[in-house]
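> Any chance you can model this:
(one chain, ligands or ions: 2)
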Amino acid sequence: MDNLHHNQHGVGSPLFVEGHNGVPASEPNDGFRPALRELTNMLQRAFEQPFDVVDTSTGCLVHAGEDGLSGDLEARLAICAEVARRGRPEIVDDVAPLLMLAVPLPAVDEEPPLVAVSTFVTEPVDQEDQVRAAARAFGISADEVLHWAKAHKHWQPHAVLQLSGIVLEKAAGLQEESQLKQQLVDVSANLLNTFEEITLLHRLTQKLSLSSSVVELCELAVRWLAELLPAECIAIKLERVEDIREQHELEFIEEQGPVLIVHGDCPLKEDEFDAFLHQLGPLVRTDPLVMNRNVTIGSHWDYPSVLDLVTVPIREGDNFFGWLMAFNHTGRVLTPNSEAEFGTVEASSMSSVAALLGIHSGNVSLYRQQAEFFASVVRALTSAIDAKDPYTCGHSDRVARLSVCLARRMGCHADDLNTIYLSGLLHDIGKIGINDAVLRKPGPLTNEELEHIKTHPELGHRILNGIKQLDKVLPVVLHHHEAWDGSGYPHGLRGEECPYLARIVAVADSIDAMSSDRPYRKGMPDEKLDAILHDGAGGQWDPHVINAVFQVREEIRRIGREERKPLSLNVEKWQLFPSTAAEVAAVLT
Ligand SMILES: [Fe+2]
Ligand SMILES: [Fe+2]
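Ligands and ions are numbered 1, 2, ... in the order given. So this is what the prediction gives:
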């Protein structure tokens, strides 16, 4: 092959065409990329004669112009190398009527220095001696020159230089335009990708509120990520979940064990995830991991169905919640220059989503801790009341549940149900400040003792005053001994002057006081209690509340009969949000 080219062009032996064993000379490894081939073609079109292209560092002929007037390049290799170094077209030899033009081809990166070379006839070939001398100097036969000169244009040296310069400039302009177009395509694709990612994050942030369940947010995340990423499956594995759910209009937090959320065609079975993540090593708990089939196709990989993989930890500070994962590339490329494999684009999008999920999980966890702390305070106070007056043990809890039962019947809002439950638990908190001897006196009280006991609503108000979470409880604590007809204490409020919730607790308080056994008396029979409540409607008590009592009479009796366990301060046993009726009712049952 080499000899064939050399013979055709009369080029000396050191020059040869690369691409042995059938590999074309224009393969990328010879530096003769399509842009340089096009530039060579432009030169050929402009001058209407062929150009050879030579690698001046090796002497290799990387492109041979067909049927050209090829001069001896080997002898002029050094000067061609200098042309390549200077970067502008030059005449490397000139023996009238022949001249050789060398045009440097622009190199990028580590490309070899290439020069396009062509031999021109500069004037009519009417002096045979002169032609023979020039042909000899150029290593071409005189007949070839004579033949060539008849069929081709004569070129003046300055015109050759000028036109080759123009062709180079035009090629550079076209190259720049092509690069700009490619950049535009790349930027557009990247923008689109970024836009989709931002849209996804925006949609997720709109769902970020404490009322949003972590699991529901994760379900949205995997679904939306599946639209964005070229993955066959998106999955989230949460080690544990502290979640907020709505139930019976009351909000509470529950903790669940591991949760797996999968969208798409998952290459792993549910029970394989733990071992799979364990095999990936401890770093996947802190850093993103990207693996593609160039790594996974190997004997050391135990999960042949997992060809490509991205894992990103879901964390918030030091808290680790789980992993966001993408499995198996679909082959769809996100940007024109990207490969059909997972990389930084996918890992970056997933990290952004994982960060949001981590923040939300962290917030829910913090919210749960605060709620538990608040619960522990309320329970401590309630326990303190019961400890102070053991004769009425469980009274606070029963009043709380009776109040919720009545309030629910009367159509109170969920927020008010929470408030009235807390109010029931804490309504007698002021008894902490009452003299033990008076509080525990088994017989009738003197007037003085009675007046002392009657200070407990105001004492309770003072104790709880300033605790922001109990602001709504304060009026109930202060007024739970007011009467509908104004005969109650401490302020003698009449009718609806007394807060609504306090009027409900007043009834619940009375029902429990009358129906409970005391050391010095048995609890009142149901019939007698009903009669007293009936007679007291519109006098002692709000008639609307008494009306509700008779609508839920059976439930009230059940609450009164229930044996209750002592209140526990072991927060580990508290599974539900503590400030709600549903929660405490469930825990204490
Ligand atoms: Fe009281
Ligand atoms: Fe009470």
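
> Just the element for the nearest residue to G538 once chain neighbours are set aside, please.
In this structure, G538 finds its nearest non-sequential neighbour in W484, 6.3 Å apart by C-beta to C-beta, 6 or more residues apart in numbering. The C-beta positions use only the backbone N, C-alpha and C, and glycine is treated the same way. Secondary structure assignment for W484, by DSSP states H and E: no helix or strand.

> what's the strand or helix carrying F276 in contact with?
Under the criterion of DSSP H and E, F276 resides in helix 273-280. With contacts defined as C-beta atoms under 8 Å, 6 or more residues apart in numbering, helix 273-280 is touched by 235, 237, 260, 268, 284, 289, 302-303, 306, 311, 323.

> What's opposite the residue nearest to I261 when sequence neighbours are not counted in the beta bridge?
Excluding its sequence neighbours, the residue lying closest to I261 (C-beta to C-beta, 6+ apart) is I236, at 4.5 Å. I236 has these beta-bridge partners by DSSP bridges: I261, L324.

> Please name the residues that touch I236.
Here I236 is in contact with 218, 221-222, 259-261, 314, 322-325, 357 (C-beta under 8 Å, 6+ apart).

> Go through those residues and give me the one with the most neighbours.
I314 (30 neighbours; other C-beta atoms under 10 Å).

> That one bridge partners, please.
G322.

> and the residue most central in space within the chain, what are its phi and psi?
When C-alpha atoms, centre = their mean is applied to the chain, the residue found nearest the centroid is V353 (0.2 Å). Backbone torsions of V353, given as degrees, to the nearest 10, read phi -70, psi -40.

> next one: H329
Torsion angles, degrees, to the nearest 10, at H329: phi -70, psi 140.

> Find the residue closest to it in space, skipping its chain neighbours.
Nearest non-adjacent residue to H329 (C-beta to C-beta, 6+ apart): D308, at 4.4 Å.

> so the one you found touches M325, yeah?
No: with contacts counted by C-beta atoms under 8 Å, D308 stays clear of M325, the gap being 10.9 Å.

> and stretch 407-426, anywhere near ligand 2?
No: using C-beta under 5 Å from the ion, stretch 407-426 stays clear of ligand 2, with a minimum separation of 8.9 Å.

> contact partners of that stretch?
249-251, 378, 381-382, 385, 396-397, 399-404, 460, 464, 470, 472-473, 476-477, 480, 501-502, 504-505, 508, 544-545, 548, 551-552, 579-581, 584.

> Wondering if stretch 452-465 reaches ligand 2 at all.
No: on the criterion C-beta under 5 Å from the ion, stretch 452-465 is out of touch with ligand 2, staying 8.6 Å away.

> The residue in the stretch 451-589 of the chain that ligand 2 sits nearest to: helix or strand, and which one exactly?
With C-beta to the ion as the measure, D509 is the residue of the stretch 451-589 of the chain nearest to ligand 2, at 4.3 Å. With elements taken from DSSP H and E, the one containing D509 is helix 500-515.

> Distance of H427 relative to ligand 2?
Counting by C-beta to the ion, to the nearest Å, the gap from H427 to ligand 2 is 6 Å.

> Output the below-cut-off pLDDT ranges for the stretch 101-250 of the chain.
Judged by pLDDT under 70, the stretch 101-250 of the chain has its weakly predicted residues at 210-211, 243-250.

> all strands for it, in order.
114-121, 231-238, 241-247, 250-256 (DSSP state E, counting those that start in this stretch).

> one step back: how big is the angle separating the helix holding F276 from strand 231-238?
100 degrees (axes from the mean of the first three to the mean of the last three C-alpha atoms, to 10 degrees).

> buried stuff in helix 273-280?
273, 276-277 (16 or more other C-beta atoms under 10 Å).

> With stretch 489-509 instead?
489, 493, 498-509.

> Can I get that stretch in PDB, CA atoms only?
This file holds the C-alpha atoms of stretch 489-509, laid out as PDB (Å, rounded to 0.1, in the frame of the first residue of the first chain):
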ATOM      1  CA  TYR A 489     -65.800  30.700  91.000                       C
ATOM      2  CA  PRO A 490     -63.300  32.300  90.800                       C
ATOM      3  CA  HIS A 491     -65.000  35.100  88.800                       C
ATOM      4  CA  GLY A 492     -68.700  34.200  88.900                       C
ATOM      5  CA  LEU A 493     -68.900  34.300  85.100                       C
ATOM      6  CA  ARG A 494     -72.400  33.800  83.800                       C
ATOM      7  CA  GLY A 495     -73.600  31.900  80.700                       C
ATOM      8  CA  GLU A 496     -71.500  32.400  77.600                       C
ATOM      9  CA  GLU A 497     -69.200  34.800  79.500                       C
ATOM     10  CA  CYS A 498     -67.400  31.600  80.500                       C
ATOM     11  CA  PRO A 499     -65.200  30.200  77.800                       C
ATOM     12  CA  TYR A 500     -66.800  27.500  75.800                       C
ATOM     13  CA  LEU A 501     -64.200  24.800  76.500                       C
ATOM     14  CA  ALA A 502     -64.300  25.600  80.200                       C
ATOM     15  CA  ARG A 503     -68.100  25.000  80.200                       C
ATOM     16  CA  ILE A 504     -67.400  21.500  78.700                       C
ATOM     17  CA  VAL A 505     -64.700  20.700  81.200                       C
ATOM     18  CA  ALA A 506     -66.900  21.900  84.100                       C
ATOM     19  CA  VAL A 507     -69.500  19.200  83.100                       C
ATOM     20  CA  ALA A 508     -66.900  16.500  82.600                       C
ATOM     21  CA  ASP A 509     -65.300  17.400  86.000                       C
END
